[in-house]
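Chemist: Okay, structure incoming, though there's no sequence with it:
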């Protein structure tokens with residue numbers, strides 16, 4: 001019965017702990033959304049900057065697993081190369097140690113007040129920034145509640161002779177026991193897929209005096225390996241580069257564990273001496289008694305957090321100089337052919353959905369690429385209009401139109417999956433606007449293709465526009481292309497949205513006036529000369545097509561500006 005009750009309350013506490021981690025991560029991501037997007041955008045070959053990005057991103061996400069899955073997604077989408085990913089993953093292993101220091105704050109008794117007060121704030125406030133700041137603190141409260149629940153669940157076991165005898169089989173005071181503890185940490189972390197949760201369970205056991213500092217440290221070493229399982233699973237079916245990235249994550253943690261296992265006794269002595277000097281803690285295994293007569297180790301959490309951080313920092317320092325060596329070794333090890341990617345028109349990857357703000361940032365990049373493709377279509381169309389013998393441009397235009405159709409479909413599917421998850425208002429607004437923008441750009445490409453088809457029909461019937469009509473079309477084409485270029489500037493520099501929107505609207509008015517003037521010119525010519533009916537209908541259709549392109553580019557810009565304003569407003 002004792003074991004059953006302990007298991008029930010232990011798993012209940014673990015559930016609260018995991019829920020708290022999720023709330024804390026989601027809240028921090030939402031509040032720091034713009035900063036997170038900026039950090040993710042810093043892709044560099046500078047290994048030190050990569051480490052810095054990995055540390056900060058993981059601190060914000062509160063999960064090295066999420067960071068590693070995102071990095072694998074970036075590499076799979078060819079947005080990051082292996083050498084860049086290596087630095088970020090190294091930094092992620094250091095960034096995840098902040099969880100231990102949060103737990104070392106020793107404010108567990110305030111878990112319920114934190115969760116209660118900030119749960120109310122979250123429920124009744126409408127301002128996005130306050131709402132999700134409260135959501136993060138609510139998560140922190142649940143985290144401490146879960147930790148205290150696990151400690152309380154394990155407390156009776158300290159008085160159980162049978163359980164204490166069982167634990168002697170998992171004591172790191174011998175080499176065999178050390179390997180057993182590392183294996184236990186690896187397997188359990190792989191099962192629950194959270195090194196932070198395993199850290200919490202380990203701290204709870206150490207706090208109750210059930211395991212000593214050496215055993216706790218060995219379990220933490222195993223947790224560092226076990227957490228790489230999430231990234232490994234995420235890499236299945238990805239490109240060779242993405243699988244290399246996942247393999248490096250495993251290799252980095254395994255190598256770190258090996259050298260610590262070899263130097264385990266001196267390293268533990270070093271950590272004990274360090275916390276004694278730095279924190280005035282004489283013995284990490286010191287046991288005290290509560291007023292209720294229960295044993296507890298007051299310095300266990302601090303000792304474990306220190307070990308976790310120092311181990312990962314030293315591992316980083318030791319292995320960072322060998323970044324290029326790792327890259328070459330991994331390129332040699334992983335040679336098998338990659339499976340064909342499902343997405344062929346975009347670099348979207350479902351792994352990026354692990355962080356909504358990163359997913360939105362990538363969808364914005366795809367919209368920028370879609371608009372570039374539309375601009376290239378217009379350039380190719382002009383070449384064909386001026387030289388109908390340029391048949392290669394015809395093929396390029398049709399290919400681009402098909403590419404944009406597929407890109408818009410993939411982007412819509414990606415954002416639909418994002419919205420199906422629990423997303424903040426900021427993310428939801430951005431996702432909806434991106435859908436509108438991609439739809440407008442794709443529709444504009446349909447009308448650009450229609451212009452080509454209309455000219456091909458005339459060519460087939462061996463009729464053509466006279467010089468005055470053709471000159472008007474080229475002028476209209478150039479002005480419409482200029483409008484697309486202005487949208488590109490907006491997508492690259494959204495901070496200037498107000499002035500650019502005003503400029504685009506003004507430019508759109510000029511295009512509308514030009515269409516009206518060209519139509520009037522055509523009607524006046526009909527009364528003076530005889531035109532083939534196909535020329536008349538085609539000319540009118542061409543003018544309408546350019547007018548439609550103009551309308552969709554303006555609405556795409558307006559959607560983007562609303563997105564920018566609503567996003568900034570909701571976080572005020």
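Modeler: Arrived safely. Source: prediction; values computed, not measured.
Chemist: okay, and the helix or strand of this protein with the least pLDDT?
Modeler: Lowest by mean pLDDT, DSSP states H and E among the helices and strands of the chain is helix 33-40, with a mean of 62.
Chemist: Would you mind identifying the next helix or strand past that helix?
Modeler: Using DSSP states H and E, the helix or strand that follows helix 33-40 in sequence is helix 47-61.
Chemist: Show me what that following helix is packed up against.
Modeler: Secondary-structure packing of helix 47-61 (3 or more Cβ pairs under 8 Å, 6 or more residues apart in numbering; DSSP states H and E): helix 2-31, helix 33-40, helix 64-76, helix 82-95. For every residue, glycine as well, the C-beta is placed using N, CA and C.
Chemist: contact partners of that helix?
Modeler: With Cβ atoms under 8 Å, 6 or more residues apart in numbering as the test, helix 47-61 has contacts from 25, 28-29, 32, 35-36, 39-40, 42, 44, 64, 66-67, 70, 83-96, 98, 316, 320, 323, 355.
Chemist: in the host helix or strand of residue 435, what's buried?
Modeler: Residue 435 belongs to helix 425-460 when elements are defined using DSSP H and E. Buried residues in helix 425-460, counted by 16 or more other Cβ atoms under 10 Å: 425-445, 447-452, 454-455, 458.
Chemist: pLDDT (mean, whole number) over it?
Modeler: When pLDDT is averaged along helix 425-460, the result is 92.
Chemist: next one: stretch 16-24
Modeler: When pLDDT is averaged along stretch 16-24, the result is 87.
Chemist: which residues sit against it?
Modeler: Here stretch 16-24 has contacts from 62-63, 99, 135-136, 138-147, 149-150, 192, 194, 196-197, 200, using Cβ under 8 Å, 6+ apart.
Chemist: For stretch 474-490, give the mean pLDDT please.
Modeler: Throughout stretch 474-490, pLDDT has a mean value of 92.
Chemist: try stretch 558-570
Modeler: Averaging pLDDT along stretch 558-570 gives 57.
Chemist: likewise stretch 377-394?
Modeler: The average pLDDT within stretch 377-394 is 90.
Chemist: before we move on, what about stretch 148-163?
Modeler: The average of the pLDDT scores along stretch 148-163 is 80.
Chemist: buried set for it?
Modeler: Applying a neighbour-count criterion of 16+ other Cβ under 10 Å, the buried positions in stretch 148-163 are 148, 149, 150, 151, 152, 153, 154, 155, 156, 157, 158, 163.
Chemist: Can you pick out the ones from those residues that are in helices?
Modeler: With DSSP state H as the criterion, helices contain 148, 149, 150, 151, 152, 153, 154, 163 from among the buried residues of stretch 148-163.
Chemist: in terms of contact, does the second one touch residue 11 like I think?
Modeler: No - in this structure, residue 149 is not within contact of residue 11 by Cβ atoms under 8 Å, at 9.7 Å.
Chemist: can you count the residues close to the nearest residue to residue 62 once chain neighbours are set aside?
Modeler: Using Cβ to Cβ, 6 or more residues apart in numbering and skipping residues adjacent in sequence, the residue nearest residue 62 is residue 25, 4.5 Å away. Other residues within reach of residue 25, judged by other Cβ atoms under 10 Å, total 20.
Chemist: now the helices: where do they sit in the stretch 101-250 of the chain?
Modeler: Listed from the start of the chain, the stretch 101-250 of the chain has helices (DSSP state H, counting those that start in this stretch) covering 111-124, 128-154, 161-167, 175-192, 195-207, 213-226, 228-235, 240-262.
Chemist: So which residues make contact with the shortest one?
Modeler: Judged by Cβ under 8 Å, 6+ apart, the contacts made with helix 161-167 from elsewhere in the structure are 3, 157, 158, 210, 211.
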